[in-house]
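Sequence first, then the predicted structure:
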2 protein chains.
Amino acid sequence: MRKDVPLSIQTIFSVREIQAEADRLRSAGKRIGVVPTMGYLHEGHLSLIRRAKELADVVITTIFVNPTQFSVGEDFESYPRDLDADNLRAGEAGADVVFCPDRREMYPEGYLTYVEVETVTSILEGAFRPTHFRGVTTVVAKLFGLTKPHVAVFGQKDAQQAFVVRKMVSDLNMDVEIHVEPTVREPDGLAMSSRNVYLNRAERTAAASLYAALIFAEKQIQDGERSVEKLSGEMKKMISDAGATAIDYIACVEPDTFTPVEAIHPPRILILLAVRFGATRLIDNISVTFS
Amino acid sequence: MRKDVPLSIQTIFSVREIQAEADRLRSAGKRIGVVPTMGYLHEGHLSLIRRAKELADVVITTIFVNPTQFSVGEDFESYPRDLDADNLRAGEAGADVVFCPDRREMYPEGYLTYVEVETVTSILEGAFRPTHFRGVTTVVAKLFGLTKPHVAVFGQKDAQQAFVVRKMVSDLNMDVEIHVEPTVREPDGLAMSSRNVYLNRAERTAAASLYAALIFAEKQIQDGERSVEKLSGEMKKMISDAGATAIDYIACVEPDTFTPVEAIHPPRILILLAVRFGATRLIDNISVTFS
């Protein structure tokens, strides 16, 4: 890590100011990249910021724990927050602006408007988190309106979210290029997530079984396995044996349409899972290309 | 009417081209005004185009009979269309570009995304046309994404629509100035509407009762009447006596919140109505300022 970076990052809290700044940047002919996050930045987020810096002249990182994408009973209140550390990390990774509005700035009293992508939002994550994607598409539409990006970078860890955002952008004719970057992992394969801090030592060890199961499935497919039932059965066993509290789903979807399949066909399949360790719910996925 | 206008209007059919044109205009520092219409342009539309020309450097008129804002059983198929005349009229009024996509261009196969404003969209027009405003906000969001306007001009004739669009723009942080222009009327007071062509001679005569009832109500309020029940009762009688087939609603709303009221309070009230003459459904409204 570079420790001698002159921290020239600009922190903006108000919608009026971020929109004015985006206008100013656009008028100056700058290409704007945005990386929407909920903060508590880890290496996964930083890889998105670095990628945005390659794709744009100016990178805006948004930090907003968006209440509308949490369902009732989820961890909105306890979601980890550390704005000072986030500013430092975002700046070191190449962000020029951090936009961190508060809840009332984003959803003033009397707020009424939602953006919704149908169908694909009611399966997998959408089945377990009923209003989640409506909250995601709404806040992303707002953040795009505020930051006026040419390009936005999302992480493949939230594969269904990336698919849904792409669909919204295409359907609503938003002129924003969407880039999706690979998941960054811990040495034992656990996907980086702000929620990993919730895990106790035993859960943290057990959580490595998610990636182990995904690469096991990848290997099986490369070796000719084509049955989703057989694969997911074996994955379930691995994850349960490791100590998972509950497996919400393990599914295989056709990557271009996000349609769940029963039998695996080349050239590409996306395997997704959501698993609970104690009270902590983790998601992960792997894209397998084969012939 | 000027008949010697050199018709230099540009007609664009594809989303790719209109977005490229909007980009080009923005890069050249032009201020873009958009007037979204469903075509069959009358003096009401033309007044919006003329106003847009005062507010912007370049005016894009969109002509699209938007299927998603028609409910089942409504007049989507029979809605009047005349693109050649529209191009001519729009050009004479000052439009520089006409964007007239077909249905598949706006809603390609697999289309899934909708923008919805809650609450205010379920009363009055929303109560009688359940999916209407969802269709309006969705298509307006798309048209804004495509034409990248600095300013958009709507008509006060569709008062609830104008309110809902303003709410969407504010909630979703769309950086578009919304202007709402006065209703243009026939000599007998009937609000200009593309649907007026549906009226037979007797219905056309009877339809003048709408404006007569609205100005009667305005006079009553100026003279001290404060009861919505009393006012709407008298208006209903006037309109029924003239030969209306059905009165969908007559309502008074607080203009800043679009909340229906029972008693009229200064400084301003908006009186709205929807009435059927034969199979034709007409809407109108009047804003009354008083002390």
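Perfect, thanks for sending it.

Locate the nearest residue to A:Pro149 once chain neighbours are set aside within the secondary structure: which element?
Spatial nearest neighbour of A:Pro149, chain neighbours left out: A:Val34 (3.9 Å); criterion: CB to CB, 6 or more residues apart in numbering or on different chains. Glycine gets a C-beta too; all of them are placed from N, C-alpha and C. Using DSSP states H and E, A:Val34 maps to strand A:32-37.

Do me a favour and average the pLDDT over the helix or strand that that strand is followed by.
Using DSSP H and E, the next helix or strand after strand A:32-37 towards the C-terminus is helix A:43-55. Helix A:43-55 shows a mean pLDDT of 98.

How about stretch A:198-205?
Stretch A:198-205 comes out at a mean pLDDT of 98.

Over to stretch A:227-240?
98.

who touches A:Ser291 in this structure?
By CB atoms under 8 Å, 6 or more residues apart in numbering or on different chains, the residues touching A:Ser291 are A:Pro266, A:Pro267.

For my notes, confirm it occurs in a helix.
No. Using DSSP: H, G, I helix; E, B strand; the rest coil, the assignment for A:Ser291 is coil, not a helix.

which residue packs closest to the residue most central in space within chain A, ignoring adjacent ones?
Among the residues of chain A, the one closest to the centroid is A:Asp158, at 3.9 Å (CA atoms, centre = their mean). Using CB to CB, 6+ apart and skipping residues adjacent in sequence, the residue nearest A:Asp158 is A:Ile283, 7.1 Å away.

and if you look at A:Tyr111?
Nearest to A:Tyr111 is B:Asp171, by CB to CB, 6+ apart, at 5.7 Å.

and the one you found, what pLDDT?
pLDDT, B:Asp171: 98.

and what of A:Pro6?
47.

related to what we said a few turns ago, the residue nearest to A:Asp158 is in contact with A:Leu272, isn't it?
Yes. A:Ile283 lies in contact with A:Leu272 (CB atoms under 8 Å); the separation is 7.1 Å.

tell me which strands and helices the helix of greatest length in chain A is in contact with?
Using DSSP state H to define each element, chain A has its longest helix at helix A:201-222. Other elements packing on helix A:201-222 under the criterion 3 or more CB pairs under 8 Å, 6 or more residues apart in numbering or on different chains; DSSP states H and E are helix A:228-242, strand A:268-277, strand A:280-289.

for A:Asn285, what are its contacts?
A:Gln156, A:Lys157, A:Ala159, A:Thr183, A:Leu214, A:Leu270, A:Ile271, A:Leu272, A:Leu273.

go with 7 Å
Contacts for A:Asn285 (CB atoms under 7 Å, 6 or more residues apart in numbering or on different chains) come out as A:Ala159, A:Leu270, A:Ile271, A:Leu272.

Kindly report the same for A:His45.
Contacts of A:His45 by CB under 7 Å, 6+ apart are A:Val35, A:Thr37.

any idea how far it lies from chain B?
For A:His45, the distance to chain B equals 23 Å [CB to the nearest CB, to the nearest Å].

repeat for A:Ser27
For A:Ser27 relative to chain B (CB to the nearest CB), the value is 8 Å.

what's around that residue, how many residues?
Using other CB atoms under 10 Å in any protein chain shown, A:Ser27 has 10 neighbouring residues.

A:Ala22 contacts A:Thr147, doesn't it?
Yes. Counting by CB atoms under 7 Å, A:Ala22 touches A:Thr147, with 5.2 Å between them.

which of the residues in stretch A:126-134 are buried?
A:Gly126, A:Arg129, A:Thr131, A:His132, A:Phe133, A:Arg134 (16 or more other CB atoms under 10 Å in any protein chain shown).

Actually, stretch A:173-189.
A:173-176, A:178-181, A:183-186, A:189.

what comes into contact with it?
Residues outside stretch A:173-189 that contact it (CB under 7 Å, 6+ apart): A:43-44, A:47-48, A:51, A:55, A:144, A:149-157, A:162, A:165-166, A:169, A:191-192, A:208, A:211-212, B:15, B:19, B:142, B:145-146.

Which residue ranges make up the domains of chain A?
Listed by automatic domain parsing, the domain ranges of chain A are A:10-181, A:194-289.

Quote the end-to-end distance of the last one.
The first and final residues of domain A:194-289 sit 28 Å from each other (CA to CA, to the nearest Å).

Could you do the first one as well?
Using CA to CA, the end-to-end distance of domain A:10-181 comes to 25 Å.

Give me the subset of the contacts of stretch A:173-189 that lies in strands.
Members of the contacts of stretch A:173-189 lying in strands (criterion: DSSP state E): A:Val151, A:Ala152, A:Val153, A:Phe154, A:Gly155.

ok but A:Ile178 is inside a strand, no?
Yes. Counting by three-state DSSP, A:Ile178 is found in a strand.

Quick check: closest non-adjacent residue to it.
A:Arg166 (5.0 Å).

And that neighbour, how close does it get to chain B?
For A:Arg166, the distance to chain B - CB to the nearest CB - is 11 Å.

which residues touch the nearest residue in space to A:Phe70 that is not next to it in sequence?
In space, and not counting its chain neighbours, A:Phe70 is closest to A:Phe76: 3.9 Å by CB to CB, 6+ apart. Each residue near A:Phe76 by CB under 7 Å, 6+ apart is listed here: A:Val65, A:Pro67, A:Phe70.

Can you list the low-confidence ranges for chain A?
Scanning chain A for pLDDT under 70 picks out A:1-7.

Give the burial count for A:Asp223, as a bare number.
Using other CB under 10 Å, A:Asp223 has 8 neighbouring residues.

shared neighbours, A:Ala22 and A:Thr147?
By the contact definition CB under 7 Å, 6+ apart, A:Ala22 and A:Thr147 are jointly contacted by A:Ile32.

which two of the buried residues of stretch A:126-134 lie the greatest distance from each other?
Spanning the widest gap among the buried residues of stretch A:126-134 are A:Arg129 and A:Arg134, at 10.0 Å by CB to CB.

Go ahead and confirm A:Val197 touches A:Pro80.
Yes. Contact between A:Val197 and A:Pro80 holds when scored by CB under 7 Å: they sit 5.5 Å apart.

Which of these two has more residues huddled nearby?
Per other CB under 10 Å, whichever of A:Val197 and A:Pro80 has more neighbours is A:Pro80, with 14 against 11.

Can you tell me the SS state at the residue nearest to A:Ala208 when sequence neighbours are not counted?
Leaving aside its chain neighbours, A:Ala208 sits nearest to A:Asp188 (4.3 Å; criterion: CB to CB, 6+ apart). Secondary structure state of A:Asp188, per three-state DSSP, is coil.

Phi, psi for A:Asp188 please.
Backbone geometry at A:Asp188, expressed as degrees, to the nearest 10, gives phi -90, psi 10.

ok, now how distant is it from chain B?
With CB to the nearest CB as the criterion, A:Asp188 and chain B are 38 Å apart.

mind listing what's buried in stretch A:40-53?
Neighbour-count burial for stretch A:40-53 [16+ other CB under 10 Å]: A:40-42, A:44-53.

nearest to chain B, of those residues?
Distance to chain B across the buried residues of stretch A:40-53 (CB to the nearest CB) is lowest for A:Ala52, with 20.2 Å.

The closest one contacts A:Val153, correct?
Yes. Counting by CB under 7 Å, A:Ala52 touches A:Val153, with 4.6 Å between them.
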